[in-house]
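> build the 3D model from these lines:
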Amino acid sequence: MAEKLEPVKVLYCGVCSLPAEYCEFGPDFARCKPWLVENAPDLYPDLLKEANEKAADNVSDKLQSVGISSGGADGAPSSAQTGTSKKEEVKRLPGGKVKKKDRQEVIIEKVVRNKRKCITIVKGLELFGIKLSDASKKLGKKFATGASVVKGPTEKEQIDVQGDIIYDIVEFITDTWPDVPERSIFFIEDGKKVQAG
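Model (predicted):
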């Protein structure tokens with residue numbers, strides 16, 4: 001008679017609920033890494049090495065930051081040492097690219113559709129702490145047109161205002177929201193960024 005086969009026991013990830021062998025192909029492998037190092041170190045030996053190196057780096061950084069200064073007898077680090085040890089936190093994207101911080105600027109662009117109808121697009125008001133839904137209501141009332149908040153091609157929200165109000169809108173923005181200086185408002189004309197005013 002044939003031997004009865006035992007079922008295969010599969011270890012499922014506690015974070016993404018995929019089998020542990022397939023975590024690297026899942027939606028967020030970075031979140032799974034700590035769980036895999038703790039629960040399945042034999043599947044990903046490179047992660048174990050990486051975790052050990054990080055732990056060693058953290059310990060050495062802590063030891064350096066707690067070092068005794070030559071100027072103080074109480075063991076507190078000197079002011080020159082603390083100024084140089086603080087690093088700016090830089091957000092890194094996949095592939096090691098550094099994410100640039102968005103500059104505070106409002107970009108106004110006119111788009112023509114159907115040869116006669118214009119849409120004025122306003123981008124960047126949210127960087128000044130302005131709610132886009134409130135701004136679109138105010139723009140719609142002021143210029144008696146339709147205004148709505150939509151997602152642009154870069155997945156950032158922008159305001160679309162019906163009509164060609166590109167030159168009138170600058171004065172309205174600076175009067176309504178004094179936090180937005182006129183020098184940080186730009187037009188896009190013929191593919192070039194031109195400062196308003």
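> please count neighbours and contacts with C-alpha atoms only from this point.
Will do.
> now do the helices in this structure.
Assigned by DSSP state H, the helices in the chain fall at 29-39, 45-65, 79-85, 132-143, 168-176.
> report the mean confidence score over the third one.
In this model, helix 79-85 has an average pLDDT of 43.
> lowest average confidence across helices and strands of this protein, where is it?
helix 79-85 (a mean of 43; mean pLDDT, DSSP states H and E).
> what residue ranges in the chain score low on pLDDT?
The chain contains residues with pLDDT under 70 at 1, 62-102, 197.
> one more time with 90, if that's ok
1-106, 110-117, 124-130, 151-157, 164-168, 170-171, 174, 177-197 (pLDDT under 90).
> can you give the distance of stretch 183-197 from its chain's centre?
25 Å (C-alpha atoms, centre = their mean, to the nearest Å).
> and what of stretch 3-19?
36 Å.
> for it, buried residues please.
13, 15-16, 18 (16 or more other C-alpha atoms under 10 Å).
> just stretch 24-35 next, same as before
32-34.
> before we move on, what about stretch 171-186?
So, applying 16+ other C-alpha under 10 Å, buried residues of stretch 171-186: 173, 180-182, 185-186.
> with just CA atoms, put stretch 147-154 into PDB.
Extracted in PDB, the C-alpha atoms of stretch 147-154 (Å, rounded to 0.1, in the frame of the first residue of the first chain):
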ATOM      1  CA  ALA A 147     -14.300  75.400  -9.500                       C
ATOM      2  CA  SER A 148     -13.400  72.000  -8.200                       C
ATOM      3  CA  VAL A 149     -10.600  70.100  -6.500                       C
ATOM      4  CA  VAL A 150      -9.200  67.400  -8.700                       C
ATOM      5  CA  LYS A 151      -6.100  65.100  -8.700                       C
ATOM      6  CA  GLY A 152      -3.600  66.100 -11.300                       C
ATOM      7  CA  PRO A 153      -1.300  63.900 -13.300                       C
ATOM      8  CA  THR A 154       1.300  63.800 -10.500                       C
END
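> what about Ser133, distance to Tyr167?
Distance of Ser133 to Tyr167, given as C-alpha to C-alpha, to the nearest Å: 21 Å.
> restricted to strands, list the buried residues of stretch 3-19.
Judged by DSSP state E, the buried residues of stretch 3-19 include no members of strands.
> which of those sits closest to Val194?
Closest to Val194 out of the buried residues of stretch 3-19 is Cys16 (47.2 Å), distances taken as C-alpha to C-alpha.
> so the closest one touches Gly26, yeah?
Yes. Cys16 lies in contact with Gly26 (C-alpha atoms under 8 Å); the separation is 7.3 Å.
> circling back: relative to Val112, which of the helices of the chain is closest?
helix 168-176 (17.0 Å).
> just the CA coordinates of the closest one, formatted as PDB?
Taking C-alpha atoms only, helix 168-176 is exported to PDB below (Å, rounded to 0.1, in the frame of the first residue of the first chain):
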ATOM      1  CA  ASP A 168      -7.200  88.200 -12.300                       C
ATOM      2  CA  ILE A 169      -6.500  85.300 -10.000                       C
ATOM      3  CA  VAL A 170      -3.100  86.600  -8.700                       C
ATOM      4  CA  GLU A 171      -4.600  89.700  -7.100                       C
ATOM      5  CA  PHE A 172      -7.400  87.600  -5.600                       C
ATOM      6  CA  ILE A 173      -5.000  85.100  -4.100                       C
ATOM      7  CA  THR A 174      -2.800  87.800  -2.500                       C
ATOM      8  CA  ASP A 175      -5.700  89.700  -1.200                       C
ATOM      9  CA  THR A 176      -7.600  86.700   0.200                       C
END
